Structures are given as C-alpha cells and as structure tokens.
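Here is my input, please return the structure:
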Amino acid sequence: MDFKLINTDPSGARAGVITTDHGVIETPIFMPVGTVGSVKAVTQEQLRSDINAQIILGNTYHLYLRPGMEVLRKAGGLHRFNGWERPILTDSGGYQVFSLAANRKIKEEGVVFQSHIDGSRHLFTPENVMDIQRNIGADIIMAFDECPPYPSEYGYAKRSMELTHRWLDRCIRRLAETDPIYGHEQTLFPIVQGSTYKDLRRASAEAIASRNCAGNAIGGLSVGEPEEDMYEMCGIVTEILPVEKPRYLMGVGTPWNILNNIELGIDMFDCVMPTRNGRNGMLFTWDGVVNIKNKKWADDFSPIDAKTPCFASQQYTRAYLRHLFVAGEFLALTLASIHNLAFYLDLVKVARQQILAGTYGEWKRKMVPQLKTRL
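I've put the predicted structure just below:
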C-alpha cells in the first residue's frame, strides 16, 4: 500500500491518494460497511455504479463464524467470493467480540467468546486473527485490539490499552512470519485506544506511531461518549500520528461528525449509519435530515435529493419512497440505503474538492448547521 498526501488545507483537512493492489482510494473517503461480505440491501453493482464506492469493509468476527474460513479459502478470498474487485478493509473483530459475544473471557493469550449465532465457544488471539484475515484476503487489515466500553474507569482503560499494545506486537510478528495467500499485498493498521482519557490517548498514539506501520487507526470512539469528547480525542491523536500515513477513524459517524473530523486530519471513515438509518426511513441530504415516513412527504413529488448525483436520489420521489415504506416493500430499504451511501460518498468527494481548493474550513462551517437541519 502507498499513501501520497496531495494537499493540506489551512484548516488541517487533508486530501491524499491510497494505492492498493485492488485499486486507488482518494481521501478523505467513506467506506460502506459490508459486515458479512454484503452491504445490506445493496448489490455490488449498485455499489460500483450508483454509489461509486472505492473501498468496502468486511468483518473478521462475522466472516469467521459464517461462511467460515474453509469456504472463503476455497473461493479464493473475499474479493472472489462476493465479486468485489476493488479494495477491501477488514475490522479485526475485536469490537464485535466485546459487544456481541456472550460469556467472553479476556486474558493475555486472547479472548474466549461464545458465538452470538449458535453459542459455540471460540478463541481469538492476535496470531489467529492475523491468520483469519490472511484467509479473508482484505487489502487493509486491522490489528486485534480490546475496545473498552464507555464510560470506562481509568485503571481499566489503561490496562486495556496496554494489552492492545502487547497484542499489536504479536500481530506484527505473526504477519512477518506469514505470506499473503492470494498474491496481493495486505497492509496492517494498528489501533489507538485509551477511552476518553487525554494522557492515555497520547500514550497510545505515541506507541502506535513507534511501530511504524503503513497506516494507523483510531478506535474506541463513537461508542456513547459526547461528540465534543470524540473531537478532543481525535485532535490529540492526530497531533501525534505521522503526517505521511493515512489515519482511519473507526465507526464514525454522522455527516457532521465526518466533516468535523476531516478538519482534524482524519482520512478514512466507516459507519453503519447510512444503511441502518436508511432502512428505518432516515435520509441524509444536502439540505438536512429527512424522516421519509412522515406524512408530510406523502404528496411530495420532488426527488429524494436532487443534489446527490445518484440515479436513486434523482429519479425517485419522496412520495414514492414513503409509499414503499408504508407498504412494507423491500425496495424501500434498497433505495434509502443507496441514496444515503451515495450522499456520504458525494459528501467526502466535495470535501476533497474544497481541501484541494484550500477553502475547506469556511465551507465546513457553513455546511455543518445545514446538514443537521431536520426537514
């Protein structure tokens, strides 16, 4: 993987290019979440043509449980299994182990957990999580970490962070001992932790930076803490993480979260919000937030969002989409998901244009209140 920083706006926002064996990613970028190898309610062709996604996510925990490593290995990896030829990033499964699995036990070796599907017991270690991600075959893979809940007591957050650092060293060693399976490079991103404690975030960022990996991630945010705390932690971390390497803020967030964090020097984002909220009738648009289930849209024959360059956004009306939701039609979930994802991708595309023009800060200050407006 190669990262080239193209321009830094006076505000601190950055525009760059990530090059992987499966294609180029222009940053800042939003990555649709395809947890089990599928972005919910959206086909890969729609991701390519309507949404213009440059990279999508898969998840180690979910793909490990099903379809399982034997199927993925036989298929030739996730790219061939799901028909997505562009870059893929995989989350290590650490967050899911701590949020979904029952009866988990954390120890130095790793985590023993119970599957949320059938109750079977499994062990994740830094080593076998690297092996699993080798089998999945993502271009960018995450180190195995512990994601502490919010709020966390200081002592717990510190012990968790230190464990994450020790696990990172084991991940690095394991990757050095093994080779990619499918003939393309895989790049490891370590994860900064430390909850909402400034000194822990600084210590973790310094530890992660010292490992000299090709990119770095920030985890443990957007887990219930106030937005102001998220921004403060990101600001602390981006002051320390190396400028010449991409920075990925995991699991964030709303359109205004993304714009504010871009200004703090973040390059990569992912979140289930556009698809999850879309399936529940919440649409993000350039003019603000729409609850399409409200009766006020029943006879609104304007496009879902004429400003979003997407077939679904421009060719279907708000009245029709509301009708689909009221009637319980599956097409409602697809159209809302396509629109929201297309909007998110357009949002970061326009943000990049503003960064390249050197006008990001002023544009962002105007856009954030507008995006938050409830229509």
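
Could you identify the longest helix within the chain?
helix 330-357 (DSSP state H).

Tell me the first helix or strand C-terminal of that one.
helix 360-372 (DSSP states H and E).

Show me what that following helix packs onto, helices and strands only.
helix 255-263, strand 288-291, helix 330-357 (3 or more C-beta pairs under 8 Å, 6 or more residues apart in numbering; DSSP states H and E). No exception for glycine: its C-beta is placed from N, CA and C like everyone else's.

Just the C-alphas of the helix or strand residue 321 falls within, formatted as PDB.
Following DSSP H and E, one finds residue 321 within helix 318-327. Only the C-alpha atoms of helix 318-327 are listed here, as PDB (Å, rounded to 0.1, in the frame of the first residue of the first chain):
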ATOM      1  CA  ARG A 318     -40.000  11.300  -1.800                       C
ATOM      2  CA  ALA A 319     -43.700  10.500  -2.100                       C
ATOM      3  CA  TYR A 320     -42.900   7.200  -3.800                       C
ATOM      4  CA  LEU A 321     -40.200   6.200  -1.300                       C
ATOM      5  CA  ARG A 322     -42.600   7.000   1.600                       C
ATOM      6  CA  HIS A 323     -45.200   4.800  -0.100                       C
ATOM      7  CA  LEU A 324     -42.800   1.900  -0.300                       C
ATOM      8  CA  PHE A 325     -42.000   2.200   3.400                       C
ATOM      9  CA  VAL A 326     -45.700   2.400   4.400                       C
ATOM     10  CA  ALA A 327     -46.500  -0.600   2.200                       C
END
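
Now do the buried residues in that helix.
318, 320, 321, 322, 324, 325 (16 or more other C-beta atoms under 10 Å).

And stretch 191-206, by the same measure?
191-197, 200-205.

From these, pick the one nearest residue 367.
Each of these was scored against residue 367 by C-beta to C-beta, and residue 196 proved nearest at 26.4 Å.

tell me the contacts of the closest one?
Contact analysis of residue 196 by C-beta atoms under 8 Å, 6 or more residues apart in numbering lists 150, 151, 225, 229, 232, 233.

What separation do you get for the second one and residue 139?
Think residue 151. Here the criterion is C-beta to C-beta, to the nearest Å. By it, residue 151 lies 35 Å from residue 139.

Counting neighbours, go ahead and name the busier of these two.
residue 139 (23 against 13; other C-beta atoms under 10 Å).

coming back round to it: for the record, mean pLDDT for the helix holding residue 321?
Throughout helix 318-327, pLDDT has a mean value of 98.

so how far is it from its chain's centroid?
Centroid separation between helix 318-327 and its chain, computed with C-alpha atoms, centre = their mean, to the nearest Å, is 29 Å.

by contact count, what packs against it?
Using 3+ C-beta pairs under 8 Å, 6+ apart, helix 318-327 sits against helix 330-357.

quick check: angle from the helix it packs on to helix 360-372?
Angle of helix 330-357 versus helix 360-372, following axes from the mean of the first three to the mean of the last three C-alpha atoms, to 10 degrees, is 160 degrees.

contacting residues for the residue nearest the centre of the chain?
Closest residue to the average C-alpha location of the chain: residue 270 at 2.0 Å, with C-alpha atoms, centre = their mean. Going by C-beta under 8 Å, 6+ apart, residue 270 touches 30, 31, 32, 33, 57, 89, 248, 250, 251, 252.

Just the CA coordinates for the strand or helix carrying the fifth one, please, in CSV.
Right, the one you point to is residue 57. For residue 57, the host element (DSSP H and E) is strand 56-59. The C-alpha trace of strand 56-59 is given here as CSV (Å, rounded to 0.1, in the frame of the first residue of the first chain):
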residue,chain,number,x,y,z
ILE,A,56,-15.8,-1.5,1.4
LEU,A,57,-15.4,-3.2,4.7
GLY,A,58,-15.8,-6.8,5.9
ASN,A,59,-15.6,-8.1,9.4
